[in-house]
Each structure stands twice: as C-alpha cells, then as structure tokens.
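> kindly generate the corresponding structure for this input.
(one chain, ligands or ions: 1)
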Amino acid sequence: RLLSKALQQAGGGAPRRLYCTKGFFKSPHRAATTSSATSPKFDGTNDITTTPIPEITNAYPDLLTHRSIHQFSLEQPDEFWGRLARSRLEWQEEFRTVTDHDFKNSHFRWFPDGKLNVSVNCVDRHARRHPDRVALVWEKDEPGQQEYVTYKQLHDDVCRVANVLRDSGVKKGDRVALYLPVSPLAVASMLACTRIGAVHSVVFAGFSAEALASRIKDAGAETVITADQAVRGGKVIELKKVVDAAVAKCPSIKRVFVGMRTGAKVNMGPKDISLDQAASGASTQCSPSVQGAEDLLFLLYTSGSTGSPKGVVHSTAGYLLYAAVTHKHAFDYRDGDVFGCMADIGWITGHSYVVYGPLANGATTVLFESTPTYPNPGRYWDTVSRLGITHFYCAPTALRLLLRYEDEWVQRYDRSSLRVLGSVGEPLNHEAWHWFNDLVGEKRCDLVDTWWQTETGGIMLSPRPSSPGAPILPGMPMRPMFGMRPVLCGTDGKEIQGNGVDGALCVGSVWPGIARTVYGDHKRYVDTYMAPYPGYYFSGDGAHRDKDGHYHITGRMDDVINVTGHRLGTAEVEDAITEHEEVAEVAVVGYPHEVKGEGVFAFMVLKEGTHSTNEEITVDLRKLVRSQIAGYAVPEVFLVCSGLPKTRSGKIMRRILRKIASGKPEELGDISTLADPSVVEAIVNAHAALP
Ligand code: WT7
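Residues are numbered from 1 along each chain as shown. The predicted structure follows:
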C-alpha cells in the first residue's frame, strides 16, 4: 500500500498490472511488418522491437525492426550512441566527439570531451521532476519489513554522505572500498562517491578479510565504508570485525566509516567514524563534481584463470549509458514498473541492474537483502506480491534450488504483477527455464536469458528487444544487443562464418560499456581480452551459433568456474590450499553440480611424512579457503591422490581431472602422453572409493 501510495503521489499510478502484449502486437505497423512477405523466415534478428527507440526512429523512420536498428548501431555507432547519449543523459558540458578509439593500444574512449556527473543523472534530475517517486524499495532480510526511499530522500542521503566524504579529505580520483549489506546505505555510498568523483570499489560482503585486504591494497584505497553488521537469512554477519581484520593488514587506510544496520555495539578504533553521526549533521546539498566522460567510475574485482582477481575499470559516461539503454530495452522497462533484480550489489549485476541502469532511467528498483529460501522457499514470490514487482531478474542457481520444492510455494502468492522474467550468470537449463516460464510466469511473461560479464558493463546477448511475434526459445540468450557484433573465432584466430558452428565467443565491435582497463595493469587487460583473438574482444566463453543464427553459450574456455553464479578462478583456490604446510600439490577443477551449476573439486597430493589424517587436513583446508577467499569457494570434494596426471613437460592435464570429477572415467581419451599414465588409474580408484 505504501508503495502504491508513493507511486500515485509521483503521478505514476498504482503499480502496473499485467501488460497485454496482444494489444501491442495488434498496432497497425507492427502487424504489417511481422506479416511482411519479405521476411517469412525468422532468422534470429529480423524481428520487430517492442520498445521503440524514438531518438533513432524519429530521425530514421525506416528503422523499425530490431534487425535494422541493430545493423544501424553497428554501421553508424557515432550516430546511434551520440543520439542516445544526448537524449538519455544529462551533461554538464556536451560532448562533440562520440568515439575516439586507439585500437593499436586497446584504449577505447566514448564522448571523451563531454562532462557529466553520475549522481546527477541517477538522482537529481529525477528528484527535480518526481521528488516523491520511489527510487529504492529495500526488501530487508525479515519479510514484511520493507522500506521505501523516494528520489528526494535519496538525493538528500547521497549529498549528506558525499559531504561527509569530502569534508574528511576524500578527493576526486581516490579509491573508496565499500563493504556493505544490500541497503539504501550502500546505494547512497556508491552514488556519494560518484558525486565527488571518487572511485568506488564494492567488495561483496561475503568475501573474507584476506580477500578484502588484497582488494584494498590493489586499489590503494585510503577509505572504507562499512556497517556494524549485516543480516542475511536470519543470520548476523560481523562486517565491522572483518573490516578490522582487513584494515590491520592495510596501512594505506586512513579512515573507516561505519554505518548502522543493526545498531549493535561494535569496536570503534581511532580510524573509525560513525557514518550516521557524521551524516546527520551534514548538508543535504552538495555541488556535484564535474567529471570527464572517461574518468573512472568504479573498480570491480573479478576472477580470471590466472593470478589474483583483476580490478575491472568502468568509465563514467559509456558505462552509464550502456547500463541505462540495456536496462530499458532488454527488459522493456517503462515508467511505473517495479524492477526487481535479486543480485547483491557486490557483483556487476547489482551495479548495472540494481543501481545504475534503473536509477539512470528514473525507475523504482528493489534492494533484496535476504536469500531465496528465508524464511521459506516462497520468499521470492512473497516479495513479488508484496512489492508489486513487474520485472524479476535472478540467477539460474536460485531457480534450480527452488524448483526442488513443492509448486505450492510459488502458487500461494499473487504473481499477476509480473511482466518480464530474466536470468543471468550461468546457462539457464531447460528444466529451470520451464519452471520459471511456465510455473512462475504462467507462460504469459517474457523470459529473457541474458549473457554478459563484469567486463561488458551490461547485457550483450538477450532475446529482447524484439516483437511479441518473435518467439523466445528456451535456454539461450539468442541475439545481440545494440552495438554488439557477436563473432565466433576458431583456433586459427579467424572469424567463423555461417550457422551451425561453434567457436570462441568474441565481440567484433566497440560498445560504450566495455571495461576500459584492468586497474594498474593495462598489459593484463590487453593480454586477457584483446590479444587472444587480435581485432576482437575475447569473452573467455565458448558459444554455438545454431542453424537459425541464435547464440547458445557453451561455457568457459579457461580455468574459470561458475559456482552458484559466482565466478571463481581455480588458481585462486589452489593458491589458498597450497598455503597448508602438509599439501605438496593441488589441482582444482569444476564439475557439473545440480544446484550450484558447478561444484569445486580439489585433487591433492600430500607431503611425505604428514602426521595429520586426511579428515583433519580437509577440515583445515575448508577453513583456509573460507578465510582466504569466501565460503562459496570451499571445495565440495577433497581427494587425496598419490600423484597428479602430468605431461612429460610437467603440465597438469586438467582435462583428465575434469572427466574424473564429473564421474566420467570412461571418457578420458588418450592418456599416453602422460609422464606416468598409471596415476590415472589410482585417481579413478580413489574417486570411486569416495563415499
Ligand atoms: C560469466 C561472467 C554478468 C552478470 C553475472 C556474471 C557466465 C553470464 C550467462 C548466461 C551462460 C553466462 C559466462 C560469463 N554467464 N551470463 N546467460 N548464460 N553463461 O558476471 O561474474 O563477470 O561472469 O558468467 O561464463 O563469462 P561475471
């Protein structure tokens, strides 16, 4: 009731109910175009957009189909993105140049001479027009305790926090680490950084002190913003204690702001400042810093196949525009909708589709603090019905977890507000697709499987935008967004033509949301993304282009695994495990897991003469991985082996270990190139003996 009241005050009316695609489909030109005899075959891109792009169609009235607009966006990127950037962002100084790329050195620049402030774009301009519109709905851990934050209130909070940061000496360009629960405080802190031109680095609040410390050090942050505690799934998490442990290892830290989530009494040291106290006395006006379009907006650390996690750098204007445009068009978002993305703000999905995309579009966005099963497996749908959510975006791992429970957990809640369902992070298998589409969405919602990455800033492949007449096929992200030219490359590094083919998924265009660099290590950026297939951005994923031209993701091609939708480098887990003094060698691989997508499997060789039992070592190792990385990285299985399969040059043959971990020893293939093929039999036997 509160929400609909606030929405009514904002002139938005009650939360939208079901959107009738039929009526829309019947509109004259759409019907005419779909029934056009010239495009009888649906080839993946010849459909019509559901969400018109007035900036483009007003200037180019012939561009009505997704195919033609998409093609235009590739052929005339300056014209396409220039028009969108002028109309969808508010500039302090308008740009004259749209793109200025230096391909040779992999430097990509969008709107380089433009000036703008992200917090003004996400808050001020909406607060001016609709001060009472709800910006944030905070779905707190305990159901039924939701809180609403209007654009006016968000504006005031952002300014208060920004003033506190500025007054305490945080300057433009400084990196600020955020370690916070999903909350309005987190959003206000992110936006406060953007207001003064500071660069935030949000660290998922499930990461350990060690992981937080390494991210603080890599970014050279002097400031941390955290909270006393977090609550998730009814459990209290001692955030401040983790921060204390991390800060003890980071001499660069000058100040730690401590916000209040539970009000628990926490230890306050000489560097600690109560954020609530400081902010309550601060002004609700704060002049926005004038930012260059290419100034750093944020860092977000993500795992790669080697080394420590990389600080992926996103820039101010290009990222914001791409997040906003994809939020509107992949999801067909409209004024008055309630956008429910379940992701934690610690991941890119939370950045782009909880915070930046929705707020740039003046949307009402949900901050989900809890878990899919707290206090019961109906939590998501209870939230949908209480908040009137129109768009529900989550990870397949959550769906696979929930579909194991009775359908009743879904059916007992009113889901008639839902119009669009979305999935991200991993392949959406057919069972989960049908459960989501048929049961949750009652087959009347659009379900979009969206493929993208931390590095892409926003959605790259997604079945929408397209016409209601164009079918969405289960289990694949299907087709490219504007500005994205998907390319499959072969082992020779060349583009593979035609349909019905597999290859390395690359991008043959430059889009505004592309990550600009790896923080402090541009060479690593070039080596990881640009060098493997010269002339293209390489995603690390493999893909299949089917006979109709639709894209299916086949999975990572590197040593990155995907556990409960979280990206994890096997090398990181190996590094943590080898810290144990009784472990001689370890190899970590992923294997298919029914709920988690992939599970983590550690094969290890112990040092000779170890006194501890295997059980004791396993207990130590679980603790070790948890304290070095995070809970989700802890291997499901630790298998002690007498040796690991290696080539004569000493390289571990992970392909073989993956097969064994997947329970497919009969598919090992040729093992004759191993230095000692007999180790394989020993490992297979040890695996078979696992309980
Ligand atoms: C990796 C990126 C981008 C938000 C969440 C993850 C995998 C992502 C899909 C999808 C199959 C997917 C890829 C990708 N992935 N979306 N729809 N179907 N796989 O971001 O942590 O940067 O991970 O997630 O392997 O490379 P991330």
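> show me where the stretch 301-450 of the chain has its helices.
Ranges of helices within the stretch 301-450 of the chain are 316-331, 348-350, 357-360, 379-387, 396-402, 408-411, 430-434, based on DSSP state H, counting those that start in this stretch.
> any bit of the fifth one sitting next to the ligand?
No: where contact is defined by CB under 6 Å from any ligand atom, no part of helix 396-402 touches the ligand; the two come within 7.9 Å at best. (Each C-beta comes from the backbone N, C-alpha and C, glycine too.)
> take the helices of the stretch 301-450 of the chain and write them to JSON lines, including mean neighbour count and mean pLDDT.
Converted to JSON lines, the helices of the stretch 301-450 of the chain look like this (neighbours: other CB atoms under 10 Å; pLDDT from 0 to 100):
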{"stretch": "helix 316-331", "mean neighbour count": "27", "mean pLDDT": "97"}
{"stretch": "helix 348-350", "mean neighbour count": "25", "mean pLDDT": "98"}
{"stretch": "helix 357-360", "mean neighbour count": "28", "mean pLDDT": "98"}
{"stretch": "helix 379-387", "mean neighbour count": "21", "mean pLDDT": "98"}
{"stretch": "helix 396-402", "mean neighbour count": "22", "mean pLDDT": "95"}
{"stretch": "helix 408-411", "mean neighbour count": "16", "mean pLDDT": "98"}
{"stretch": "helix 430-434", "mean neighbour count": "17", "mean pLDDT": "95"}
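> out of those helices, nearest to Trp451?
helix 316-331 (10.6 Å; CB to CB).
> what helices or strands is that closest one leaning on?
helix 77-88, strand 296-302, helix 357-360, strand 420-424, strand 446-450 (3 or more CB pairs under 8 Å, 6 or more residues apart in numbering; DSSP states H and E).
> chain center to that helix: distance?
14 Å (CA atoms, centre = their mean, to the nearest Å).
> check stretch 332-345 too.
14 Å.
> buried ones in that stretch?
332-333, 335-345 (16 or more other CB atoms under 10 Å).
> end to end, how far does that stretch reach?
22 Å (CA to CA, to the nearest Å).
> any part of stretch 525-544 near the ligand?
Yes: figure legend: stretch 525-544 in contact with the ligand (CB under 6 Å from any ligand atom); contacting residues 539-541.
> confidence score at the nearest residue to Val507 once chain neighbours are set aside?
In this structure, Val507 finds its nearest non-sequential neighbour in Tyr537, 4.2 Å apart by CB to CB, 6 or more residues apart in numbering. The per-residue pLDDT reported for Tyr537 equals 98.
> with distance to Val679 added, can I get the helices of the stretch 301-450 of the chain in JSON lines?
Below are the helices of the stretch 301-450 of the chain laid out as JSON lines (distance: least, CB to CB, whole Å):
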{"stretch": "helix 316-331", "distance to Val679": "48"}
{"stretch": "helix 348-350", "distance to Val679": "40"}
{"stretch": "helix 357-360", "distance to Val679": "50"}
{"stretch": "helix 379-387", "distance to Val679": "46"}
{"stretch": "helix 396-402", "distance to Val679": "33"}
{"stretch": "helix 408-411", "distance to Val679": "47"}
{"stretch": "helix 430-434", "distance to Val679": "37"}
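> nearest to Met653, of these?
helix 396-402 (28.7 Å).
> which neighbouring elements make contact with that closest one?
Judged by 3+ CB pairs under 8 Å, 6+ apart, helix 396-402 is in contact with helix 430-434, strand 597-606.
> hmm, try it at 7 Å
helix 430-434 (3 or more CB pairs under 7 Å, 6 or more residues apart in numbering; DSSP states H and E).
> hmm, the helix it packs on in reach of the ligand?
No: on the criterion CB under 6 Å from any ligand atom, helix 430-434 is out of touch with the ligand, staying 11.1 Å away.
> show me the contacts for Trp511.
322, 483-484 (CB atoms under 7 Å, 6 or more residues apart in numbering).
> again, only this time at 6 Å
Applying CB atoms under 6 Å, 6 or more residues apart in numbering to Trp511 gives the contacts 483-484.
> doesn't it fall inside a strand?
No: per DSSP: H, G, I helix; E, B strand; the rest coil, Trp511 lies outside any strand segment and is coil.
> most packed of the helices and strands packed on helix 316-331?
helix 357-360 (a mean of 28; mean count of other CB atoms under 10 Å).
> circling back: by neighbours, which of the residues of stretch 525-544 next to the ligand wins?
Ser539 (24 neighbours; other CB atoms under 10 Å).
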